[in-house]
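Trainee: Have a look at this prediction, sequence included:
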Amino acid sequence: MTRSPFRRLAFGILRRLLYLWVRSETINQSAFSLKLDRGKPVFYVMQQPSVSDLAVVDHECSKAGLPRPVLPVAIGGLLEPAGFFYLNREPGWFGRQDKRGASPALVRLVNAIGQHAVEDAQIIPVSVFWGQSPDRETSPWKLLFADTWAVTGRLRKLINILILGRKTRVQFSAPIHLRELVEQGKGQERTLRMVHRILRVHFRNQKTAVIGPDLSHRRNLVKGLIHAPLVRQAIIEEAEREKVTLEKAEAAALRYGNEIASDYAYTAVRFLEVVLSWFWNKIYDGIKVNRIDSVQEIAQGHEVIYVPCHRSHIDYLLLSYLLFRNGLTPPHIAAGINLNMPVIGGLLRRGGAFFMRRTFKGNPLYTAVFNEYLHTLFTKGFPVEYFVEGGRSRTGRMLQPKTGMLAITLRSFLRSHRLPVVFVPVYIGYERVLEGRTYLGELRGAAKKKESIFDLFKVIGALKQRFGQVWVNFGEPIKLAEFLDQQQPGWREQELGPQYRPAWLNDTTNRLAGRVAQHLNEAAAVNPVNLVALALLSTPRLALDEKALVRVLDLYLALLRQVPYSPHTTLPDGDGHALIEFVKGMKLVAEQKDALGNICYLDEQNAILMTYYRNNVLHIFALPALLASFFQSSARIGREQILRFVRALYPYLQSELFIRWSREELDAVVDQWLAALVEQGLLKVEADVYVRPAPSSRQFVLLTLLSRAIAQTLQRFYMAIALLLNAGQNALSAEELEDLSTVMAQRLSILHGLNAPEFFDKTLFRHFIQTLLDEGVLRRDEAGKLSHHPQLAEVVEGVAKRMLPAEIRLSIRQVALDRNEEGEAL
């Protein structure tokens, strides 16, 4: 403001026009209780320049009978044109901040008091907030434009006034007496810096009280990244390698930092909470949360890293929502760079997402910046979330972990373990996954589509479907220091090297990844859809009489209650009949009625989709199904022979399905399952010999259905071995065996009508072959060709005769033999 009558007239008109729409109030009526000395000059200070804010403050001062900020103020023999100034300089239209020196009015005030031209001056910090407090606002659209900690440009300010102006609030702070600061005798420049610091604290406290804490770290961290020693070294190397100046290399590092870093905003978190509260209630019948109390306990004093399974795009939204609603800080979430899209990417970033490229290869500078960013999050105690599976599981199984983020976490912890790190596994189980239609195409063999946030919008047309409930189970935490003590005793005293890459890092990271996956599977939520899928997909025609299906489901529930998979695993309420009615209501099972009763069956589309839900819990049933399979061709088997078979096969099942029991625990667990099968009437025991029921009995049918849960996995194992044996010693490489196994599986799935897309999943064969190498069953020669133990054929055939139908064994051997003869003919 100036003394210009025209400017004052324009301001008066603006204020009148503004208050045709705006309605304001003073928070807590603090303006009426300010202890002002009316004999001393009064100046108001606002954080950011804004004519609309000034008009609101002027209006509230008039209401309270306080000196108006727009009127001139006498300072000794001088007359200041107005009684206000701004702490920061004016931003541009889009919020770009000008950070030049102190306000000229403040400089003149400090100078006048220092020269005793005036006895004292009173400075009142005042803030204007457009809209309600975010924790009270319930409109998601108003929350989008609510006040934040970020600098606001003129364009956004105009939108704020239009959307939020009816609920404008003003907060005054207690006066600051400049005389008290000047008398400390620190000189004009240092006094100005001190005043600035005091005012910044005032404004920070005011904002924290009204709109919540400043959760953003972007403005504080990104620029600091390039000064970290490891990043500085990477910048120097980048400049040398690319033959550019250090300034250009630094600019590239800053670009990477801004591309990566989240921009946490309380208003965005509240916006997501309001929107998601509507979303969950609209889509789902409810969210069941288990063991979150253990997380609330361990979050105190630990750096918490949430490691959920990844089944849907909404996994990270759901977890952040639940943590926020339960009084826990929402985590910073690792998201793929493909989600950093206009509007959506900005909202996710403000909700805590930080973005990472799919590969870091060939870009050491980006790698250094990303690693330093994560290290900063860890050392400052921010909770972090990432998915060890990498992408979403399209088959419903736990995917083989990607170890990149775990390795970065380990290296950061070795570098500085001021805060103890704890991994919190989170199992998220759906009765119907939102992306089911997309997955259905991929399960049928369609090419995997690039992940996109717009996948979420595809469900809008399917809102008429029932999606059931969601389970969120928090698993057993893994304390990193304790894990390292077990795996690498003395790791604290070991030489780590300048890049914090000890020789044991890769092996230890792989073991940590396996432990995390096991703990995730331990926390599995078994739901009605899982169990019905498991039962119907175990039948030859994907159909069962409803009464028989009830018996199967009751059996599964009884077994799981008698031998709980884990203390963290949850089971559904109700009996077999209730489970069937629920899945019928989801329209995932069809039924046919006749005079003899109801038949429940899966149509072609649901048969493929239900493999996804069966695979969610396959690891829980793998061991009892394996035991049941031993009795398909043998009427009697001794306990010791059962244990030998289980010990031989278990490492491969455990490696593929991340089953929780160690090999030392295996014998005792097998005994528990055998006792449960005996109690349910599926086996009898005579001394140490177990006897199956008569093949014509109902119990044998139940035993057979149970065995088929694991049958296709065993068939895949047999296929790979058969191809290897028929090829001969040192004839195939691991890659060639993997390719041949995949082709054979595709052929057999057509010949035998196997409705399981993961049956010919290449990655499963790759992992099985690697496990054979790890177990010493196979060896590589110098050329990379595979050799095997001479007795492998005898052992494998002996086991296969007991477990696989003769038709399947013969078909597999015939395809393998035909392939070998074709190779010889060529």
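Mentor: That came in fine, so what should we check first?

Trainee: so residue 684 touches residue 697, yeah?
Mentor: No. Using CB atoms under 8 Å, residue 684 is not in contact with residue 697, being 11.3 Å away. Using the backbone N, CA and C atoms, a C-beta is placed for each residue, glycine as well.

Trainee: now the strands for the stretch 301-450 of the chain?
Mentor: For the stretch 301-450 of the chain, the strands defined by DSSP state E, counting those that start in this stretch occupy 303-308, 332-336, 353-356, 384-385, 421-430.

Trainee: Correction: the previous question concerned the stretch 151-300 of the chain.
Mentor: Counting by DSSP E, counting those that start in this stretch, the strands of the stretch 151-300 of the chain are 168-172, 176-177, 286-290.

Trainee: Tell me, how many residues neighbour residue 526?
Mentor: Using other CB atoms under 10 Å, residue 526 has 22 other residues around it.

Trainee: Quick one, grab the pLDDT at it.
Mentor: At residue 526, the model reports a pLDDT of 98.

Trainee: Then the one 4 residues further on?
Mentor: For residue 530, the pLDDT comes out at 97.

Trainee: just residue 13 next, same as before
Mentor: 83.

Trainee: What helices and strands are in contact with the helix or strand hosting it?
Mentor: Per DSSP states H and E: residue 13 is located in helix 5-18. Applying 3 or more CB pairs under 8 Å, 6 or more residues apart in numbering; DSSP states H and E, we find helix 5-18 packed against helix 51-64.

Trainee: who touches residue 725 in this structure?
Mentor: 788, 792, 793, 796, 816 (CB atoms under 8 Å, 6 or more residues apart in numbering).

Trainee: go with 6 Å
Mentor: By CB atoms under 6 Å, 6 or more residues apart in numbering, the contact list for residue 725 reads residue 793.

Trainee: what's the answer for residue 321, then?
Mentor: residue 276.

Trainee: ditto for the one 10 residues further on
Mentor: Neighbouring residues of residue 331 by CB under 6 Å, 6+ apart: 306, 383, 384, 385.

Trainee: so what pLDDT did residue 94 get?
Mentor: Residue 94 is given a pLDDT of 44.

Trainee: which SSE is the residue nearest to residue 414 when sequence neighbours are not counted in?
Mentor: Closest residue in space to residue 414, ignoring its immediate chain neighbours: residue 500 at 4.9 Å, by CB to CB, 6 or more residues apart in numbering. Per DSSP H and E, residue 500 falls between elements, in no helix or strand.

Trainee: Restrict the helix holding residue 13 to CA atoms and write it as PDB.
Mentor: Only the C-alpha atoms of helix 5-18 are listed here, as PDB (Å, rounded to 0.1, in the frame of the first residue of the first chain):
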ATOM      1  CA  PRO A   5      -5.700   7.900  -2.900                       C
ATOM      2  CA  PHE A   6      -6.200   5.900  -6.000                       C
ATOM      3  CA  ARG A   7      -4.600   2.800  -4.600                       C
ATOM      4  CA  ARG A   8      -6.600   3.100  -1.400                       C
ATOM      5  CA  LEU A   9      -9.800   3.500  -3.400                       C
ATOM      6  CA  ALA A  10      -9.000   0.400  -5.400                       C
ATOM      7  CA  PHE A  11      -8.200  -1.600  -2.200                       C
ATOM      8  CA  GLY A  12     -11.500  -0.500  -0.700                       C
ATOM      9  CA  ILE A  13     -13.500  -1.600  -3.800                       C
ATOM     10  CA  LEU A  14     -11.600  -4.900  -3.800                       C
ATOM     11  CA  ARG A  15     -12.400  -5.500  -0.200                       C
ATOM     12  CA  ARG A  16     -16.100  -4.700  -0.700                       C
ATOM     13  CA  LEU A  17     -16.200  -7.000  -3.800                       C
ATOM     14  CA  LEU A  18     -14.400  -9.800  -1.900                       C
END
